[in-house]
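Peer 1: Provide a 3D model corresponding to the input given below.
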Amino acid sequence: MALSGLSLGMVMELNKKNKIARRVRESRAAKGLTQLELSDMNGISLRSIQRIENGEVQPRLYTVKVLAEHLDFVTEPFELEDAIVPLVKTIDKPEVVRRTNKTQKIILTIGVASVIVLLVSAYIFQSPTFPETAFEAALLWAAVAIFYTMIVFLIWR
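Peer 2: Numbering: from 1, shown residues only. Here you go, the predicted structure:
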């Protein structure tokens, strides 16, 4: 191929396409996947994968991201536009999950118990006829115990 009629930008674009093509082709082969299997696995058409691997097209950033996730390769800054570097780095970024520590769980457990006892006591004190029997009182406190157990289970899981 004669490069005499190409500008520097065109040569760089061609070089970029070839590097991406080689990376995708080698990564796919290393995983033992066919182009059709890769296509089925990530939702990119078979023809698009063929064109990318042959260096016929410069894939979109989204396409490179999807291929990088499925083929476990990391793009290098000189291969793609600057926008791809932060996009690929987010793939490996672990998600931070804030957990409730033991002290907070104990405080929540005691606080919920206190609120439930106060609310049930207020209900009993304001009602002149409830509970009429010890059986009604026992049913009320059994329901409260079940409700409280469910809340504590959610807090401590």
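
Peer 1: My read is that residue 108 contacts residue 101, right?
Peer 2: No: in this structure, residue 108 is not within contact of residue 101 by CB atoms under 8 Å, at 10.9 Å. The C-beta positions use only the backbone N, C-alpha and C, and glycine is treated the same way.

Peer 1: of the two, who's got more company?
Peer 2: residue 108 (16 against 8; other CB atoms under 10 Å).

Peer 1: That one sits in which helix or strand?
Peer 2: helix 102-126 (DSSP states H and E).

Peer 1: For the chain, name the helix or strand with the lowest mean pLDDT.
Peer 2: helix 84-92 (a mean of 48; mean pLDDT, DSSP states H and E).

Peer 1: Run through the helices of the protein in chain order.
Peer 2: Using DSSP state H, the helices of the chain run over 8-30, 35-42, 46-53, 61-71, 84-92, 102-126, 134-156.

Peer 1: Could you identify which of those helices has the lowest mean pLDDT?
Peer 2: Per-segment mean pLDDT for these reaches its minimum on helix 84-92, at a mean of 48.
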